[in-house]
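> Pasting a predicted model and its sequence here:
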Amino acid sequence: FNKPQELCFDGDVITNFRTFRDEVEIYFIASETNKKSNDVQVARLLNLLGSEGRKVYNSLQFKGKRNVQNILDAIEEAIVPERNEVIEHFKFFKRVQKANERFDHWLRDLKQLIRSCEFGEVEDKILRTQIVLGVYNKDVQEKLLRADHCLTKTIKFIQAYEAGVHHSKEVQAQPAVEEVSLNAISFKSRADKGEQAKINKTREVGKYTGKPQFINNCYNCGQHHEINKCPAYGKRCIHCNRLNHFRKCCRLYKGQAKNTNDISCEFPSEADVQCLVVDSVSQSITKQNNSWFKEIILNEEKMVKFKIDSGSEINTLPISCVKLLEVPIAKSTFNLRAYGGFQIHPLGIVTLKCSYGGKKISAKFVVVSNDCIPILGLGTSQELGIIFLVNEIELRSKETFVLQNKSLFTGLGCFPDKYSIKLIPGCQPVRNPARRVPMKLREKLKTSLNELVSKNVIAPVDEPAEWVSNLVLVQKSDNSLRICLDPTELNKCIIRENYSIPTLEDITPQLSGKKYFCLFDLKEGFYHITLDEESSRLCTFSTMFGNFRFLRLPFGLSVGPELFMKLNQKYFGDIEGVSIYFDDILAAADSIAELDRIVHEIVDRAKKYNIKFNPNKLKYYVEEVKFIGFKFNKDGMSPDADRVKAIRDLKAPANKTELQRVIGFINYLRSFIPDFSEHISPLRKLLKEGIEFKWTEMQEAALNKLKEIISNNTILANFNPNLPVVVECDASKDAIGFALFQNLKPVCYGSRSLTETEQNWAQIEKEYLSIVYAFEKMHNYLFGHNDIVVNNDHSPLVTIHKKTFDQIKNNRLKRLKLKLVNYKFKLQYKAGKKLYTADLLSRNVVGPILNEPECRDVIHTLTCGELMMSQEKANRFTAETAQDECLKLVMSYYQRGWPTKNVILSYKNGELTHCYNLRNQLTVEDNLVFFNNRLVVPRTLRQVVLQCLHETHLGCQKTKAKARQLVYWPAINSDIENLINTCYTCQRFSKNNLREPLHCHDIPNIPFNKVGVDIAEYAGENFLVLVDYFSRWIEVERIKNKTSAEVIEKLKTIFARWGIPSTVVGDNNPFGSFEFIEFSQQWGFDVINSSPHYPQSNGLAEKSVGITKKMLQKCKFDKKDFQLALLNYRNSPISKLDVSPANLLQSRELRTKLPIVRKQLSPKFCDDQHPKMLEHQRKQKLHYDKCSRVKERVFGIGEKILTKQNGVWVKAEVVRVLDHPRSYLLKDNRGKIYRRNVSFMKKWKGEEVREDENERAEEEVRRSARLPKKKDWSEFVTF
């Protein structure tokens, strides 16, 4: 039997012990030790434990009899530490499959580790997840991630895959698979059909005899040999240092005499092609390089593994794959012929959508009947980004250098310095709220934030910050996110660094005559600069996941370029042979040895100061390098061809208009063109009147000569970063163009055609795109420059550019503006007829649209709010906007550009004229028109929007404010006012009227000529209160009840004492009753009744009631005599008059308990007090009227009005205008007649209301307020 190994105490003791215990138990059963006595079992166990194990055993104490199980349990308790659940989980999740490790072995370890984790019911799911995430083969992992498999299916899938790989290796030893390699394709025209027939006669076409096949003039060795037995296989070329070919067959070696890189990627036309010749047919696959096989998604549904063949100009696909895709096959008339006479008859051509690495294209495929490997040709491979053309030949292996200095190209670098941002004194901090993030980017944003926190680039902020900027997301070409700052407000307050940027004249002497170059680009350059604590808090930004602050210098700060240049120069600028331009470090030398020294010093400095480089932008030991817009090599400096490509590609004008444009551009540069008149003369001849436009060879030669002169180095100025820059940009319907000038001399030109999508953009968007294109194309010139003026002929763009991101509604304009956040420039309007260069370049473009690598990054707009509506409403708004006469023209002009004002006025449309005046603030997004951030509503939907705005009956100002945030149309404020003013609900529950100017009672000039009366209620008793309007004398009489008879009796007593007044002012109850009116007629005085619910009209009596109640309260509390208090009041001077009511009524003072001189009791006339009373009344009115800003309201008989009833306004009609000021008789819908003061009346606006609506509303209000229903007699007036 195999005895268990001794218990090992090294490494994982827990695992070692459990393995030992399992093996002991198995051994005891196999050797039948378990059937022997206990002493024998214990002895054998101690023997198997080994010396270290027995030491542990001897240190243990046992209670009772010892047996195998007790001993093992005791040892486990002694050596196995207490279980830590977190550590057990860590061990499990850390265990991933190793390279070349069998899956079964790895699965066994995982199952053993998971037993200690105690995951319970979810154990299978967690094990499944760890298998998928930890499997070594990434292809297997990718396939497993496409579907959600259970644990059993996941294990079976991997086991099957592993077995398949094993079997595949066995099968590959035998010829089994037919591979068609389209390495060289020749096109035979139909004219060569006879010659081809002769060739075919000498060959056995279509037959395979099984004899060995040979290759003549092999592309790799140049010899004649059997297929798959090339002598160059495995050999390294001494010219290019690459495998599997000799130097005499090296394409790079041949390329010195003949350019072999000119490859036509167009699919051959069937009209010109009869037969496509395939160079070789391989019968076996001895070794398959997976790097030349890529999985391409076809028609967004099927994934097919293609072989990448850079020598093939067509793509092939077997019929079996085409059948799965279910696409129609177009007929073809050509054949594929392999070397040696094998013919493959295509079944036709299919056009399919191809997706790879985020790129989507359409490509044609030749359908073949053979069950061959699908092949992807050079053209399609380039379009999908699988194959790239290499323009520079590296003298040494860049990959080897990167591997040897891996630390320089991994991680995040950091300059030793800390930077402090200086702000202009007195600037005001700005806090911006977090913008919305598109749903598809939220997880990526969260991941990017966590990644930057872990890299110590940003840190979360848990306390309030003074400066809070917005976030800008840039989606790079690899779909990763770059997090930038939008410090628009902060940049205005930063004091910028003044650091001199090197000019071309400074750099050129250092590079003169240099033969070998290395170009280093700092990786994530700005992140190399650390901010101090205070500066870090200035760079706080808001996200939906909270606020964060940059610990490193963020992208977007205006101070960044100069600061970065300064620090880069500080650490590398003193190295001889090194030139610095922002984040580029160029090493140049006359010899390889000298370049070795420079590179070695750069590497040492970078390692010393923890500076990192970007491996993707590294140019390593090259003989030509592109630097600051020029190409440098051993022959000197030459301008980048891109600078003048737009001029060289100018096409000949087709008419006089286009010719005028060309001549205008050339005339702009006439001061730099020698013999200008002579060269331009053949072109100007065609512009003369009466001359037919006919472009001949003479004009073509003249134009080519001018293009050559303009493109010459003597015309182009070298860029100087210390001089101001003028950039002219323009866009036509099909192309965009720009020109960069310094001191009126051109530096570079650029233009490109617009894509089909871009051609559908609005004109303002195309114009903005031309600016973005200019800056991204000329980044090396414009980045960090502080004096840039951009001229454009689209005036609305100037206004849009000045707005903040949140003020721009158009998302496309936002994205374009965000791309310019790292540049500082002034945008100004310049008429199109003066933009000679840019206007010409935007209208004269030849050639296809090139893939611009510097324009690949996608800027994502982050908004504070979006227009939210259902799809149904959005469709309705879109449809109605398209039908609206005014908005239809607005969208058309926005797309094509606005005409002159005279054209707009000719429409005689007021709304269109209004929109023309606002054209700089109007944008179009998703076929909807926006005024700033407000949706412009078409005429047919305005009433609907008005009803929505006023749905909850907000006030006029609130509704206007709400509309100012969301919607717009001409005269929207007037429409809102009209709607609310005519809304019955709003009128019904509107506020009380503003008070009118004060209407004062006439003050009589004699005592007791006019009196006011009222009834005071106190402590359950009623008191009749009378006051004289002249003397303010108050009479108080206790009455049993408020009946007319009781009141009349008391008044008779008072009138008997002081005389009958001319006028009595009182309210309606009881002084408006029939009995009281009869009493007034009998005694000969007039009665003026105040309006119901308007006690202000009898204000003096009301005030006297208040005085009386106060005296009653105080006398009752202090147990004083009320009549004595009344006497003292009558004898006290009146405010502002210094005479008492007694003086004014009786012309004497009354004797009281206070001592008084006899003379004061003598009668004394007070006939000079009336003017003082009038002056005091005038001042009161003046003070009161200061708060009264309305004119006196006047209503006519029969007019429909609203009157206040029980707290709401109800409809009524004016029946009679009363003689009393501001008093009317009204009739409601029920026929009830009552009197009201004008303060309770409003003009009625709006439609008719149902007759029962007033009564129903009154009942609801009364019930909710729990008010008792008033009796009709209190408001009814009889005649």
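Perfect, thanks for sending it. Numbers count the residues shown, from 1 in each chain.
> From here on, just use CA atoms for contacts and neighbour counts.
Noted.
> which stretches of the stretch 651-800 of the chain form strands?
Along the stretch 651-800 of the chain, the stretches classed as strands by DSSP state E, counting those that start in this stretch are 725-731, 735-742, 745-753, 788-792.
> Thr696 and Ala652: what is the separation?
Plainly put, Thr696 is 10 Å away from Ala652 if you go by CA to CA, to the nearest Å.
> Can you pick out the residue with more neighbours from those two?
More crowded of Thr696 and Ala652, by other CA atoms under 10 Å: Ala652, with 15 against 9.
> got a list of what Phe1195 touches?
Val1214 (CA atoms under 8 Å, 6 or more residues apart in numbering).
> Report pLDDT for it.
Phe1195 is assigned a pLDDT of 81 by the prediction.
> do Ser870 as well
On pLDDT, Ser870 comes in at 76.
> Likewise for Arg995?
At Arg995, pLDDT is 69.
> now Val622
On pLDDT, Val622 comes in at 90.
> Is it in contact with Lys514, as I believe?
No. With contact defined as CA atoms under 8 Å, Val622 does not reach Lys514; the gap is 11.1 Å.
> Those two: which is more packed in?
Comparing Val622 with Lys514 by neighbour count (other CA under 10 Å), the higher total belongs to Lys514, at 22 against 18.
> wouldn't that one be in contact with Asn633 here?
Yes. Between Lys514 and Asn633 there is a contact at 6.5 Å, judged by CA under 8 Å.
> about what we covered before: let me know which of the strands of the stretch 651-800 of the chain is tucked in deepest.
Looking across the strands of the stretch 651-800 of the chain with neighbours counted as mean count of other CA atoms under 10 Å, the highest average goes to strand 725-731: a mean of 27.
> That one pairs with which strands?
Take DSSP bridges as the rule and strand 725-731 pairs in its sheet with strand 735-742 (antiparallel), strand 788-792 (parallel).
> which one of the ones you listed lies closest to Arg66?
strand 788-792 (93.3 Å; CA to CA).
> Need the contact partners of that closest one.
724-730, 767, 771, 782, 824-832, 835.
> Okay, strands next: where are they in the stretch 101-250 of the chain?
Using DSSP E, counting those that start in this stretch, strands in the stretch 101-250 of the chain cover 179-181, 187-188, 214-215, 225-226.
> Equivalent analysis for the stretch 1051-1200 of the chain, please.
Using DSSP E, counting those that start in this stretch, strands in the stretch 1051-1200 of the chain cover 1063-1066, 1086-1089, 1200-1205.
> Let me see the contact set for Lys809.
Residues counted as contacts of Lys809 (CA under 8 Å, 6+ apart) are 923, 925, 930, 932-933.
> Just the buried residues of those residues.
The neighbour-count criterion (16 or more other CA atoms under 10 Å) marks 923, 930, 932-933 among the contacts of Lys809 as buried.
> Let me see the ranges of the strands in the stretch 401-550 of the chain.
In the stretch 401-550 of the chain, strands defined by DSSP E, counting those that start in this stretch lie at 418-419, 458-461, 470-475, 481-486, 516-521, 530-531, 540-543, 546-550, listed in chain order.
> Next, the angle from the third one to strand 481-486.
By that I understand strand 470-475. 150 degrees (axes from the mean of the first three to the mean of the last three CA atoms, to 10 degrees).
> so where is the stretch 1151-1279 of the chain shaky, pLDDT-wise?
Along the stretch 1151-1279 of the chain, the parts satisfying pLDDT under 70 run over 1184-1185, 1188-1192, 1207, 1219, 1246-1279.
> can you do 50?
Along the stretch 1151-1279 of the chain, segments meeting pLDDT under 50 span 1248-1254, 1256-1258, 1260-1279.
> The stretch 451-600 of the chain now?
If you take pLDDT under 50 as the line, the stretch 451-600 of the chain has no such spans.
> Where does the prediction get shaky in the stretch 301-450 of the chain?
Ranges of the stretch 301-450 of the chain meeting pLDDT under 50: 339-340, 392.
> and if we set it to 80?
301, 310-313, 332-345, 357-358, 369-372, 388-397, 433-442 (pLDDT under 80).
> residue ranges for the helices of it, please.
Listed in chain order, the helices of the stretch 301-450 of the chain (DSSP state H, counting those that start in this stretch) span 319-325, 378-383, 398-404, 406-409, 439-454.
> most packed of those?
Using mean count of other CA under 10 Å, helix 378-383 ranks as the most buried of the helices of the stretch 301-450 of the chain, with a mean of 20.
> Please state the offset of it from the chain centre?
Distance of helix 378-383 from the chain centroid (CA atoms, centre = their mean, to the nearest Å) equals 34 Å.
> just the CA coordinates of that helix, formatted as PDB?
Taking Å, rounded to 0.1, in the frame of the first residue of the first chain, the C-alpha atoms of helix 378-383 are listed here in PDB:
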ATOM      1  CA  LEU A 378      -6.600  43.900 -47.200                       C
ATOM      2  CA  GLY A 379      -9.100  46.600 -48.000                       C
ATOM      3  CA  THR A 380     -11.800  45.400 -45.600                       C
ATOM      4  CA  SER A 381      -9.100  44.700 -42.900                       C
ATOM      5  CA  GLN A 382      -7.900  48.200 -43.100                       C
ATOM      6  CA  GLU A 383     -11.400  49.700 -42.900                       C
END
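> now Val798: how far from Leu918?
Taken as CA to CA, the span from Val798 to Leu918 is 13 Å.
> again with Lys1179
In terms of CA to CA, Lys1179 sits 51 Å off from Leu918.
> Lys745 too?
37 Å.
> Phe92 and Leu110 touch, don't they?
Yes. Here Phe92 lies in contact with Leu110, judged by CA under 8 Å, at a distance of 6.6 Å.
> Please name the nearest non-neighbouring residue to Asp39.
Of all residues not flanking Asp39 in the chain, Asn67 sits nearest, at 7.9 Å (CA to CA, 6 or more residues apart in numbering).
> what's the neighbour count on that neighbour?
Neighbours of Asn67 using other CA under 10 Å come to 16.
> do the same with Thr540
By other CA under 10 Å, 26 other residues sit near Thr540.
> And the pLDDT for the closest residue to Asn2 other than its chain neighbours?
In space, and not counting its chain neighbours, Asn2 is closest to Tyr27: 7.7 Å by CA to CA, 6+ apart. Tyr27 is assigned 83 on the pLDDT scale.
> quick one, what contacts Tyr27?
With CA under 8 Å, 6+ apart, Tyr27 has these contacts: 1-4, 33.
> rerun that using 10 Å as the cut-off
1-4, 21, 33-34 (CA atoms under 10 Å, 6 or more residues apart in numbering).
> Tell me the buried residues within the residues you listed.
Neighbour-count burial within these applies to 4, 21, 33; the criterion is 16+ other CA under 10 Å.
> Can you tell me which of those residues is closest to Tyr907?
Using CA to CA, the buried ones among the contacts of Tyr27 come closest to Tyr907 at Arg21, 98.9 Å.
> isn't the closest one right up against Leu72?
Yes. Between Arg21 and Leu72 there is a contact under CA atoms under 10 Å: 7.5 Å.
> Identify the contacts common to these two.
Joint contacts of Arg21 and Leu72 (CA under 10 Å, 6+ apart) do not exist.
> can you put the contacts of Lys809 in TSV and add secondary structure, pLDDT and distance to Asn315?
Formatted as TSV, the contacts of Lys809 follow (DSSP: H, G, I helix; E, B strand; the rest coil; pLDDT from 0 to 100; distance: CA to CA, whole Å):
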residue	secondary structure	pLDDT	distance to Asn315
Thr923	strand	80	45
Glu925	strand	77	40
Phe930	strand	86	48
Asn932	coil	76	50
Asn933	coil	73	50
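> TSV please, covering the residues you listed and showing distance to Ala606.
TSV is the format used below for these (distance: CA to CA, whole Å):
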residue	distance to Ala606
Thr923	50
Glu925	49
Phe930	52
Asn932	50
Asn933	49
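> For the closest residue to Pro938 other than its chain neighbours, list the residues it contacts.
Spatially, and ignoring its direct neighbours in sequence, Pro938 is nearest to Thr881 (5.3 Å; CA to CA, 6+ apart). Applying CA under 10 Å, 6+ apart to Thr881 gives the contacts 875, 887-888, 890-891, 927-929, 936-941.
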